[in-house]
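K.L.:
Next input, structure requested:
(one chain, ligands or ions: 1)
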Amino acid sequence: MRIDAITIFPEYLQALDLSLIGKAARDGLISVHRHDLRTWTHDRHRTVDDSPLGGGAGMVMKPEPWAEAFAAVIAEGRDELGADARPLIVFPNPAGRVFRQDLAQEWSAREWIVFACGRYEGIDERVYEHLADEGHEVALVSLGDYVLNGGEVAVLALTEAIVRLVPGVVGNAASLVEESHSDGMLEYPLYTRPARWTDPSGAVREAPEILLSGDHGRIAAWRAVRSAERTQQRRPDLWDARG
Ligand code: ADE
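P.N.:
Just a heads-up that it's a prediction; the model follows:
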């Protein structure tokens, strides 16, 4: 999978070199390309924003650098992937569709994703129209119902959620099957050794005995009940939406 990210803060995305995503890149499972939007400005101040037409607070990202950036980044990607390669262009945006595990799963099979990080109040609307008219697949996604200062933090989260589902990235694929949200439910509670733990206040805390029984059928049934209880209590919205 090829990932491009266009941003005015490429350093923000250096975290993609770390940990699991960094290892996936070193192993050749993904490639990550960060681009500074200001590369495609032509004035002395490398301006990417201007005041909103019609008035209002804050600044809006200008369309010209974005159009040039997409043309250059898509050409570069096609040099690598072939002239027929088609990117999915993703704009993190609080007004987008809320990103969930099913979308992470779907996008983990993509050959190529281009993330575009907006800042300030947002990007000139004509950029989206231009990309759609060029025949590109464009998606706006939100991390949740709150506002960040820009798309960079969202790109870190989206990339991690997507890339860990790319086959071979997570060593033990079984761990992806049982985790929260993989089946629309929250994961059951987890325990490890010591089975009997004295906490700092002196209270003795035992792990559930059934987990020591070696009876895999009963353990699976116990976990399914805990998972259902937890989902009902913490996320009634998920519980009500289960199929
Ligand atoms: N940019 C600003 N706020 C955002 C959010 N909630 N999700 C994704 N991108 C954003």
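K.L.:
CA atoms for contacts and neighbours, from now on please.
P.N.:
OK.
K.L.:
in the host helix or strand of residue 76, what's buried?
P.N.:
Under the criterion of DSSP states H and E, residue 76 resides in helix 63-81. Neighbour-count burial for helix 63-81 flags 63, 65, 66, 67, 69, 70, 73, 74, 77, 78 (criterion: 16 or more other C-alpha atoms under 10 Å).
K.L.:
contacting residues for the third one?
P.N.:
The neighbourhood of residue 66, defined by C-alpha atoms under 8 Å, 6 or more residues apart in numbering, consists of 37, 40, 127.
K.L.:
One more: the fourth one?
P.N.:
With contact set as C-alpha under 8 Å, 6+ apart, residue 67 has these partners: 127, 130.
K.L.:
Now do it against residue 88, distance only.
P.N.:
Using C-alpha to C-alpha, to the nearest Å, residue 67 is found at 15 Å from residue 88.
K.L.:
tell me the centre residue of the protein?
P.N.:
Geometric centre of the chain, nearest residue: residue 158, 0.7 Å, by C-alpha atoms, centre = their mean.
K.L.:
Quick one: residues in contact with whichever strand or helix holds it.
P.N.:
Following DSSP H and E, the helix or strand that holds residue 158 is helix 152-163. The contact list for helix 152-163 (C-alpha under 8 Å, 6+ apart) reads 5, 7, 9, 12-13, 15-16, 21, 30, 92, 101, 104-105, 107-108, 115, 117, 142-143, 169.
K.L.:
so which of the residues you listed are also by the ligand?
P.N.:
92, 142, 143 (C-alpha under 6 Å from any ligand atom).
K.L.:
Confirm for me that the last one is in contact with residue 94.
P.N.:
Yes. Distance between residue 143 and residue 94: 7.2 Å, which falls inside the contact criterion (C-alpha atoms under 8 Å).
K.L.:
buried subset of the contacts of helix 152-163?
P.N.:
When these are checked against 16+ other C-alpha under 10 Å, the ones flagged as buried are 5, 7, 9, 13, 16, 21, 30, 92, 101, 104-105, 107-108, 115, 117, 142-143, 169.
K.L.:
near the ligand, which residues of the chain?
P.N.:
Residues of the chain lying close to the ligand by C-alpha under 6 Å from any ligand atom are 92-94, 141-151, 154.
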